[in-house]
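[1] sharing a model that was predicted from the sequence below.
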Amino acid sequence: MKSKYVTKYMTMLNHAAQMAVILSGVALAFCLPAHALAKGTPMLVTVAESASPGAPHTAWWPNHFERAQPWNRLFAQRGLTPIDPTQNAPRLSPTVYGQAPLSDANARTMASLFGARAMLNGSIAWTCTTQAQETACQAHTDLRLFDDTGRMPQTEYRRTLQAIAQTQDDAQNQIRARITLDLSIPASAMTRAQEARAIPRLTDNPVIVLDAIPDADTLVAIRKRLKRIPAIDDISEAWVSQGTLALELNPGKPLENPATFQNIMQAFLSDTQDDFVVRELAHSDAGAIVEIVQF
């Protein structure tokens, strides 16, 4: 038999769910920062290029930021939001990021420094020859498009492309335009999926968003699990929207620092005292999205 708390709580959820469709759009419009409404999920382009197969690669990192502009301009023309490293770039260690091309692991780490959620990483080897007044360029590509979590399918782009133009720059830009055209659809799909899972900052403290509202007994168990963590004194229901429920931790009492939330999530995910597993689906400064898997 369910407790009075459970009955009362489920009644509250029903009312909240009815209002969520009406209020969620209005609430997000007022609470999200203006730049989040104006721009899509950012992506980072870390493509290294060599003048010929086997030659050393050049790249914009860690301090030649202007080299990112040709790629960024083309992706922006396709409606994406590439990170411009010339604007407020973090300091990039030449020890860590001194190699070109970057490993996918280092590209993902760099993307986190810039706040990017999707990234295009890899290399292009050029072969260009000039005859008469024309330059023919051939590009051997080894590129990978992936997201910051590693959960979305990766797009491999390994091709040999050719173009002819009056100058080498024009020929190379024709090929870059072809690459961005081919990758704009999967990149847009990836960034849209990231936007759909974005966590709005509607509370002072980070929230834990339950991907699907569990049954009442499991919800009570989740609250108990959270309260077993020493750093948590109280939990409140922050918002309900489209079948998800956000739990705010220690409402009215700001967490000491971002590391506190990281420690809370580690304890929450590693607890094995219940008959369910908690898996993290997404994470940001505003909180984390989790799913509950029953045994």
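    Arrived safely.
[2] span of stretch 141-154 from start to end?
    End-to-end span of stretch 141-154 (C-alpha to C-alpha, to the nearest Å): 16 Å.
[3] how distant is it from the center of its chain?
    11 Å (C-alpha atoms, centre = their mean, to the nearest Å).
[4] quick one: buried residues of it?
    By 16 or more other C-beta atoms under 10 Å, the buried positions in stretch 141-154 come out as 141-143, 145-148, 152. All C-beta atoms are positioned from the backbone trio N, CA, C, and that covers glycine.
[5] what's the answer for stretch 178-194, then?
    Quick answer for stretch 178-194 (16+ other C-beta under 10 Å): 178-180, 182-184, 186-188, 190-191, 194.
[6] what's in contact with that stretch?
    Stretch 178-194 is contacted by residues 40-43, 71, 74-75, 77-81, 117-118, 120, 139, 141, 143, 145, 147-148, 152, 155, 157, 161, 163 when judged by C-beta atoms under 8 Å, 6 or more residues apart in numbering.
[7] in the protein, which helix or strand is least confident?
    Least confident element among the helices and strands of the chain, by mean pLDDT, DSSP states H and E: helix 34-38 (a mean of 29).
[8] C-terminal to that one, what's the next element?
    strand 42-50 (DSSP states H and E).
[9] note down every partner strand of that next one and its orientation.
    strand 57-58 (antiparallel), strand 81-82 (parallel), strand 118-131 (parallel) (DSSP bridges).
[10] roughly how far out does the last one sit from the chain middle?
    This means strand 118-131. 26 Å.
[11] ok, stretch 176-193 next?
    Distance, centroid of stretch 176-193 to centroid of chain: 15 Å (C-alpha atoms, centre = their mean).
[12] now do stretch 136-143
    For stretch 136-143, the distance to the chain centre is 28 Å (C-alpha atoms, centre = their mean).
[13] what do you get for stretch 222-231?
    28 Å.
[14] before we move on, the earlier item: among the contacts of stretch 178-194, which ones are buried?
    40-43, 71, 74-75, 80-81, 117-118, 120, 139, 141, 143, 145, 147-148, 152, 155, 161, 163.
[15] just the helices in the stretch 101-250 of the chain please.
    For the stretch 101-250 of the chain, the helices defined by DSSP state H, counting those that start in this stretch occupy 104-114, 168-196, 216-227.
[16] tell me which element Q262 falls in.
    Of the helices and strands defined by DSSP H and E, Q262 is found in helix 258-270.
[17] return the list of helices and strands in contact with that helix.
    Other helices and strands packing on helix 258-270, by 3 or more C-beta pairs under 8 Å, 6 or more residues apart in numbering; DSSP states H and E, are helix 216-227, strand 276-284, strand 287-294.
[18] which stretch among the ones you listed comes nearest V207?
    strand 287-294 (3.9 Å; C-beta to C-beta).
[19] for that closest one, which positions count as buried?
    287-290, 292.
[20] give me the number of residues near Q166?
    11 (other C-beta atoms under 10 Å).
[21] noted, bye for now.
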